[in-house]
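A.B. asks: quick one: sequence and predicted model below, then my questions.
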Amino acid sequence: MFGCCVAGRLLQTNLQQVDETHALFEIPAAEKVNHVCVFLLGTVAFPEGYGATVHFFWPGKGSQVLGMLSNEKPSAIFRLRTAFSASAPASGMSTPSAFTSAASATTGVVTAILGFAVEPLEAVAAQIAALPTAAINTALAPNSMSVTPSKPADPSALAEKIVKHLFNYVSGFVPSGGFGPGSMVPMSVIARWYDSFVSKLRAGGTGFLERGE
């Protein structure tokens, strides 16, 4: 039902069924892992009203909920960190007995566990809602920085920069001191400005307006 692919490695097909509602993948050499993708294979769908929470267990450091999968959200990519704070198992989620016995650690080599718990969507949603905003779909260390959404650009300020860019461009085609109420600019000049403007916009966004290019 579930698939797993660690970045830079082959697709894992060694899913272990723990019981009717729990399954896991062993992640060998987990200390070298940065990102992991989990997904539904498409062969078996969740029962109506059910989904799965995705858990990551690091031996000796505890477990964390990474995110979720459902019929409407059949795949997700998570960034893994090795700094975990021990957390109590979520309601209905027997993390110690279901997953931890499969994890192991030897000198320099860690086998971590990526676990799936099939639960009612209400329980899944409650656990996801309890995650910090920056941790949704990402396994974050406790001291990681959160992501602050950038504010949208002020439309009036952007329009002013575009007009200024046009003025500076066409002024290069007018003799020195030639600008005045009766000044005329050929449409071909405007067309060339437009083509250049769109090209720069597609190549790197509006950053060139800030640089005065």
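C.D. replies: Structure received. From a predicted model like this one, the values you see are computed outputs, not experimental measurements.
A.B. asks: in a strand, residue 210, correct?
C.D. replies: No: assignment of residue 210 by DSSP: H, G, I helix; E, B strand; the rest coil gives helix, placing it outside any strand.
A.B. asks: what about the closest residue to it other than its chain neighbours, which SS state?
C.D. replies: Distance criterion CB to CB, 6 or more residues apart in numbering; nearest residue to residue 210, sequence neighbours excluded, is residue 161 at 7.7 Å. Yep, even glycine has a C-beta here, placed from its N, CA and C like the rest. Classification of residue 161 using three-state DSSP returns helix.
A.B. asks: model confidence for residue 161, exactly?
C.D. replies: pLDDT for residue 161: 79.
A.B. asks: report how many residues lie close to it.
C.D. replies: Residue 161 has 16 neighbours, counted by other CB atoms under 10 Å.
A.B. asks: do residue 122 as well
C.D. replies: With neighbours defined by other CB under 10 Å, the count for residue 122 comes to 10.
A.B. asks: in this structure, which ranges drop under the pLDDT threshold?
C.D. replies: Within the chain, the ranges that satisfy pLDDT under 70 run 81-108, 132-155, 174-183, 204, 212-213.
A.B. asks: what residues go with each domain of it?
C.D. replies: Following the TED database, the chain resolves into domains at 2-86+103-130, 149-175+182-212.
A.B. asks: most tightly packed of the ones you listed?
C.D. replies: domain 2-86+103-130 (a mean of 17; mean count of other CB atoms under 10 Å).
A.B. asks: ok, the residue nearest to residue 210 - contacts?
C.D. replies: Residues counted as contacts of residue 161 (CB atoms under 8 Å, 6 or more residues apart in numbering) are 206, 209, 210.
A.B. asks: surely the first one and residue 157 touch.
C.D. replies: Spelled out, it's residue 206. No: using CB atoms under 8 Å, residue 206 makes no contact with residue 157, being 10.7 Å away.
A.B. asks: gap between the nearest residue to residue 40 once chain neighbours are set aside and residue 196?
C.D. replies: Nearest residue to residue 40, sequence neighbours excluded (CB to CB, 6+ apart): residue 74, at 4.1 Å. Distance of residue 74 to residue 196, given as CB to CB, to the nearest Å: 43 Å.
A.B. asks: now name the helix or strand holding the closest residue to residue 173 other than its chain neighbours.
C.D. replies: Computed as CB to CB, 6+ apart, the closest residue to residue 173 that is not its neighbour in sequence is residue 189, at 5.1 Å. In the assignment (DSSP states H and E), residue 189 maps to helix 187-204.
A.B. asks: what's that helix packed up against?
C.D. replies: helix 155-171 (3 or more CB pairs under 8 Å, 6 or more residues apart in numbering; DSSP states H and E).
A.B. asks: and the helix it packs on with helix 187-204, angle?
C.D. replies: Angle between the axes of helix 155-171 and helix 187-204 is 130 degrees (criterion: axes from the mean of the first three to the mean of the last three CA atoms, to 10 degrees).
A.B. asks: pull the CA atoms of helix 155-171 into CSV?
C.D. replies: Listed next in CSV are the C-alpha coordinates belonging to helix 155-171 (Å, rounded to 0.1, in the frame of the first residue of the first chain):
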residue,chain,number,x,y,z
PRO,A,155,0.7,47.0,-6.4
SER,A,156,1.1,50.8,-6.5
ALA,A,157,4.8,50.6,-5.7
LEU,A,158,5.3,47.9,-8.4
ALA,A,159,3.4,49.9,-11.0
GLU,A,160,5.6,53.0,-10.2
LYS,A,161,8.7,50.9,-10.7
ILE,A,162,7.4,49.6,-14.1
VAL,A,163,6.6,53.1,-15.3
LYS,A,164,10.0,54.3,-14.2
HIS,A,165,11.7,51.5,-16.0
LEU,A,166,9.8,52.3,-19.2
PHE,A,167,10.6,56.0,-18.9
ASN,A,168,14.3,55.3,-18.4
TYR,A,169,14.3,53.0,-21.4
VAL,A,170,12.6,55.3,-23.9
SER,A,171,14.6,58.3,-22.7
